[in-house]
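Undergrad: Attaching a predicted model along with its sequence, questions to come.
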Amino acid sequence: MLNFKTGDLYKLKTDAVVIPVAEDEQLHENERTISLTAKTATAGEFKGAKGDELTLYNLPAEKSPRVIFFGLGKKNKIDAESLRALCGKAVKKCIKSRLKKIMIAVPSSGKLGMEIKEIIEPMLEGAFLGNHVFAKYKNEKKNKPLEKIDFFVEPHILLNFSDLPSRVETVCNGTILAREWVSTPSNCKKPEQFAKNIASIAKKENLIIKDFDYKNLKRLGFGAMVAVGAGSRNKPRLLILKYDPKGAKKTIALVGKGITFDSGGINLKPPGSSLEDMKMDMSGAAAVAATLVSAAKMKPKIGIIGAIPIVENMPSGDAARPGDIVTGYNGKTIEINNTDAEGRLILSDAISYVLKEYRPDILIDVATLTGACVVALGEKIAGLFSSDDELAEKIIQSAKRTGERCWRMPLPEDYKELLKSEFADISNMSSSKWGGAITAALFLSEFIKDTRWAHIDIAGPAYIKKETDYCGAGGTGFGVRLLCDLIQKL
């Protein structure tokens, strides 16, 4: 769908030409269409400020029915994310105008003072991600994705970056796959359904698959997972995906929380806690599964294990109760002092299994783990927890490159005191109501041993109520581009 084009911009067939313009860029120095519109633009309709738009129709001697100028704002404030957002916004505008194919002009690196790859890659990403429309459950599909998005580039870009569009498509398709899983309602992704759906897609990419059903989980001692799923008639599953290239000298394990619906269990979530959005509590699982699918296509020289514990947390006469004590996969006893702190329980079992069976060099878990992290960082930034400075820095750098922002949070040793239990090895709930994101991460750290590890709490950015420039309402697919970038850098 994404392609590079060169030649004469106005002889290429398309429904619209999109031209980004910086605020401090002289209009007459832009594409030659500007000369036709200088009077209109300089009259105040368009100055290139961020948010400025100007659409021109039926221009003389032009084949495209419309040319759309988008303001980028001041040059010194333009970055990868602003380019990503502009292209997503442009695509969404063209979708609403019922267009089928568009051409986006890529500014030269000299005009923006950025490396050309730093310009092109986010533009491709924004356009592709902005072209996603989730209308699976609508009979009347008003908006349809564009059929074709071309990028007008200088000839040397076509030669030097010819593989970039397909690479961006691979990763962004993974993001969209994760989005669709997250936005799917819980009645259509019960644990068994969700596991089978992931496995069917993974099989097409020749990933190695292991699927543990409820009987096997119980037999093998996944006590924490079994306890979380006890209240639901839809029993837990554990899915393991493995990408194992020849000659790989390093293995990274990714573990994603997969609560397909979170009622809170016996500690039922209170009114006003957006229960209808709890279908998104498997966003970590979606990100991990989609990353494995994308990685299988990109073929990096690193082994990757994806562990996806999938559970529905419901109240019933069979549900785990506050005060219950269970034995996790690694033999550690856990006192369940809050059944709504279930994500850390299923992650602890999955982490323990992965460490025992695969001994990865690095383990990263991704989870919509705590509302406390949203309180701390808001809805657009994930919390990053790690005692490994080098790994944390690599994740931060990938976050900057992809626009999937992470902020490193502390792991103070003395806070572990808050997880002490009088009756078991550890409590799943802190004895303090403060610092919940930190104590949740510290709980997980108790199952890590000496493995290099990072925990990414995506409770804030995993799901949005209103569309943004390059993402519709619902699942965002947060984490896929971040993890794919990290894997390439590792």
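TA: Now that the structure is in, tell me what you want to look at. Numbering: from 1, shown residues only.
Undergrad: quick one: average pLDDT of the lengthiest strand in the chain?
TA: Longest strand in the chain by number of residues, with DSSP state E as the criterion: strand 303-313. Here strand 303-313 scores 98 as its mean pLDDT.
Undergrad: Export it to CSV, keeping only CA atoms.
TA: The C-alpha coordinates for strand 303-313 follow below in CSV (Å, rounded to 0.1, in the frame of the first residue of the first chain):
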residue,chain,number,x,y,z
GLY,A,303,15.7,-15.7,19.4
ILE,A,304,12.4,-14.5,20.7
ILE,A,305,10.0,-16.2,23.2
GLY,A,306,6.5,-14.8,23.5
ALA,A,307,4.6,-16.0,26.7
ILE,A,308,1.0,-15.1,26.7
PRO,A,309,-1.1,-16.0,29.8
ILE,A,310,-4.8,-15.6,28.9
VAL,A,311,-7.4,-15.5,31.7
GLU,A,312,-10.9,-14.0,32.3
ASN,A,313,-11.3,-12.6,35.8
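Undergrad: Please tell me how far Ala295 sits from Thr368.
TA: 22 Å (C-beta to C-beta, to the nearest Å). To be clear about C-beta, it is placed using only N, CA and C from the backbone, and glycine gets the same treatment.
Undergrad: which of these two has more neighbours?
TA: Thr368 (30 against 27; other C-beta atoms under 10 Å).
Undergrad: Go ahead and confirm that one touches Gly475.
TA: No: under the criterion of C-beta atoms under 8 Å, Thr368 is not in contact with Gly475, lying 10.6 Å apart.
Undergrad: which residues do the two both contact?
TA: Residues touching both Thr368 and Gly475 (C-beta atoms under 8 Å, 6 or more residues apart in numbering): 280, 283, 462-463.
Undergrad: if I read this right, Arg66 contacts Ala16, doesn't it?
TA: Yes: taking contacts as C-beta under 8 Å, Arg66 lies within contact range of Ala16: 4.8 Å.
Undergrad: Those two: which has the busier surroundings?
TA: More crowded of Arg66 and Ala16, by other C-beta under 10 Å: Ala16, with 22 against 19.
Undergrad: Please name the bridge partners of that one.
TA: Ile102 (DSSP bridges).
Undergrad: Return the set of buried residues in stretch 359-366.
TA: For stretch 359-366, burial by neighbour count (16 or more other C-beta atoms under 10 Å) applies to 360, 362-366.
Undergrad: contact partners of it?
TA: Stretch 359-366 is contacted from outside by 250-257, 283-284, 287-288, 303, 305, 347, 351, 354-355, 391, 395, 444, 448, 451-456, 458, 479, 483, 486, 490, using C-beta under 8 Å, 6+ apart.
Undergrad: In ChimeraX, how would I select the buried members of those?
TA: A single ChimeraX command selects the buried members of the contacts of stretch 359-366 (16+ other C-beta under 10 Å):
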select :251,252,253,254,255,256,257,283,284,287,288,303,305,347,351,354,355,391,395,444,448,451,452,453,454,455,456,458,479,483,486,490
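Undergrad: that older thread, could you give the separation of the longest strand of the chain from the chain centroid?
TA: Between the centre of strand 303-313 and the centre of its chain there are 16 Å (C-alpha atoms, centre = their mean, to the nearest Å).
Undergrad: mind checking the SS state of Val21?
TA: strand (DSSP: H, G, I helix; E, B strand; the rest coil).
Undergrad: what's the closest non-adjacent residue to it?
TA: Of all residues not flanking Val21 in the chain, Gly48 sits nearest, at 4.3 Å (C-beta to C-beta, 6 or more residues apart in numbering).
Undergrad: The one you found contacts Ile78, correct?
TA: No: with contact defined as C-beta under 8 Å, Gly48 does not reach Ile78; the gap is 10.5 Å.
Undergrad: Mind splitting the chain into its structural domains?
TA: Per the record, the chain has its domains at 2-159, 171-489, by automatic domain parsing.
Undergrad: Give me whichever of those domains is most buried.
TA: domain 171-489 (a mean of 21; mean count of other C-beta atoms under 10 Å).
Undergrad: Now find how far off-centre it is within its chain.
TA: Its chain's average C-alpha position is 13 Å from that of domain 171-489, according to C-alpha atoms, centre = their mean.
Undergrad: Quick one: end-to-end length of that domain, please.
TA: 15 Å (C-alpha to C-alpha, to the nearest Å).
Undergrad: now swap in stretch 293-313 and tell me
TA: Distance across stretch 293-313, first residue to last, is 27 Å (C-alpha to C-alpha).
Undergrad: Skip the chain neighbours and tell me the closest residue to Lys190.
TA: Asn234 (4.2 Å).
Undergrad: per-residue confidence for Thr40?
TA: pLDDT recorded at Thr40 is 53.
Undergrad: again with the one 4 residues further on
TA: According to the per-residue confidence, Gly44 scores 63 in pLDDT.
Undergrad: what's the answer for Phe443, then?
TA: At Phe443, pLDDT is 98.
Undergrad: Not counting sequence-adjacent ones, nearest residue to it?
TA: Arg344 is the one closest to Phe443 (C-beta to C-beta, 6+ apart), at 4.9 Å.
Undergrad: Could you verify my assumption that that neighbour touches Leu442?
TA: No: between Arg344 and Leu442 there is no contact under C-beta under 8 Å: 9.8 Å.
Undergrad: pretty sure Ala372 belongs to a helix, no?
TA: Yes: looking at Ala372 with three-state DSSP, it is inside a helix.
Undergrad: quick one: contacts for it?
TA: Going by C-beta under 8 Å, 6+ apart, the list of residues near Ala372 reads 435-438, 440.
Undergrad: Let me know the closest of the residues you listed to Asn313.
TA: Ala440 (15.4 Å; C-beta to C-beta).
Undergrad: mind saving the C-alpha coords of the host helix or strand of that closest one as PDB?
TA: Secondary structure assigned from DSSP states H and E places Ala440 in helix 436-445. C-alpha atoms of helix 436-445 as PDB (Å, rounded to 0.1, in the frame of the first residue of the first chain):
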ATOM      1  CA  GLY A 436       0.800   1.100  43.500                       C
ATOM      2  CA  ALA A 437       2.700   1.000  40.200                       C
ATOM      3  CA  ILE A 438       6.000   0.600  42.000                       C
ATOM      4  CA  THR A 439       4.900  -2.200  44.400                       C
ATOM      5  CA  ALA A 440       3.300  -4.100  41.400                       C
ATOM      6  CA  ALA A 441       6.600  -4.000  39.600                       C
ATOM      7  CA  LEU A 442       8.400  -5.000  42.800                       C
ATOM      8  CA  PHE A 443       6.100  -8.000  43.100                       C
ATOM      9  CA  LEU A 444       7.100  -9.200  39.600                       C
ATOM     10  CA  SER A 445      10.800  -8.600  40.400                       C
END
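Undergrad: after it, next one along is what?
TA: Downstream of helix 436-445 (by DSSP H and E), the next one is strand 452-457.
Undergrad: what is the mean pLDDT for that next one?
TA: Averaged over strand 452-457, pLDDT sits at 98.
Undergrad: For Ala287, which residues are in contact?
TA: Ala287 is in contact with 178, 256, 366, 458, 477-480, 483, counting by C-beta under 8 Å, 6+ apart.
Undergrad: Export these to CSV and append columns for distance to Gly331 and secondary structure.
TA: As requested, the contacts of Ala287 are exported to CSV (distance: C-beta to C-beta, whole Å; DSSP: H, G, I helix; E, B strand; the rest coil):
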residue, distance to Gly331, secondary structure
Ala178, 33, helix
Gly256, 24, strand
Val366, 25, strand
Ile458, 29, coil
Gly477, 36, coil
Phe478, 34, coil
Gly479, 30, coil
Val480, 34, helix
Leu483, 30, helix
